[in-house]
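Trainee: what follows is a predicted structure for the sequence shown.
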Amino acid sequence: MTGEASSLVEVGPVSRFLEDGDRVVTKAGEHEILTLACDGEIFAVGNRCSHRPWWLDGGKVLPATCEIECTLHLGRFSLRSGAVTEGPPKRPIRTYDVEVIDDVVHVRVPSSVSGS
Ligand code: FES
């Protein structure tokens, strides 16, 4: 337990995440969170590319590797870790923990982390 304050933000029912690439964008304070389905799992990442100020929610999800591809310069990120898997971005994107409670998807948002 780190003592870091966080809150659970409701995203929507699990029925919104049945197919690879199904996605929902949620705003929570300074956070803009992209929640996506891939390979039977649900992931949540920051909705901004780390390369330039650009949104990731229009990006293609690659189901075999659970990566998202930015539409602007085709940078790729792991949905599991946020790590860059294909250039040009150098920095990872933020990831958020996902919790399903009573068939509703929630994302855990740290209160102390500033948005990017
Ligand atoms: Fe995303 Fe350049 S803005 S790869």
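Mentor: Nice, I can see it.

Trainee: what sits against the spatially most central residue of the chain?
Mentor: Closest to where the C-alpha atoms of the chain average out (CA atoms, centre = their mean) is residue 45, at 1.8 Å. By CB atoms under 8 Å, 6 or more residues apart in numbering, the contact set of residue 45 is 33, 34, 36, 56, 68, 77, 79, 82, 93, 94, 95, 96. For every residue, glycine as well, the C-beta is placed using N, CA and C.

Trainee: up against the ligand, what does this structure have?
Mentor: Counting by CB under 6 Å from any ligand atom, the residues of the chain close to the ligand are 49, 51, 52, 54, 70, 72, 73, 75, 88, 89.

Trainee: okay if I get those residues as TSV plus secondary structure and pLDDT?
Mentor: Listed next are the residues of the chain next to the ligand as TSV, based on DSSP: H, G, I helix; E, B strand; the rest coil; pLDDT from 0 to 100:
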residue	secondary structure	pLDDT
49	coil	98
51	coil	98
52	coil	97
54	coil	98
70	coil	98
72	coil	98
73	coil	98
75	coil	98
88	coil	97
89	coil	97
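
Trainee: so the residue nearest to the centre of the chain sits in a strand?
Mentor: Yes. Residue 45 sits within a strand when classified using DSSP: H, G, I helix; E, B strand; the rest coil.

Trainee: and it, what are its bridge partners?
Mentor: In this entry, residue 45 is beta-bridged to residue 34, residue 95, by DSSP bridges.

Trainee: and residue 100, how far from the ligand?
Mentor: Per CB to the nearest ligand atom, to the nearest Å, residue 100 is found 29 Å from the ligand.

Trainee: what does that residue show for phi and psi?
Mentor: The phi/psi pair for residue 100 (degrees, to the nearest 10) reads phi -110, psi 120.

Trainee: residue 42 is in contact with that one, correct?
Mentor: Yes. Between residue 100 and residue 42 there is a contact at 7.2 Å, judged by CB atoms under 8 Å.
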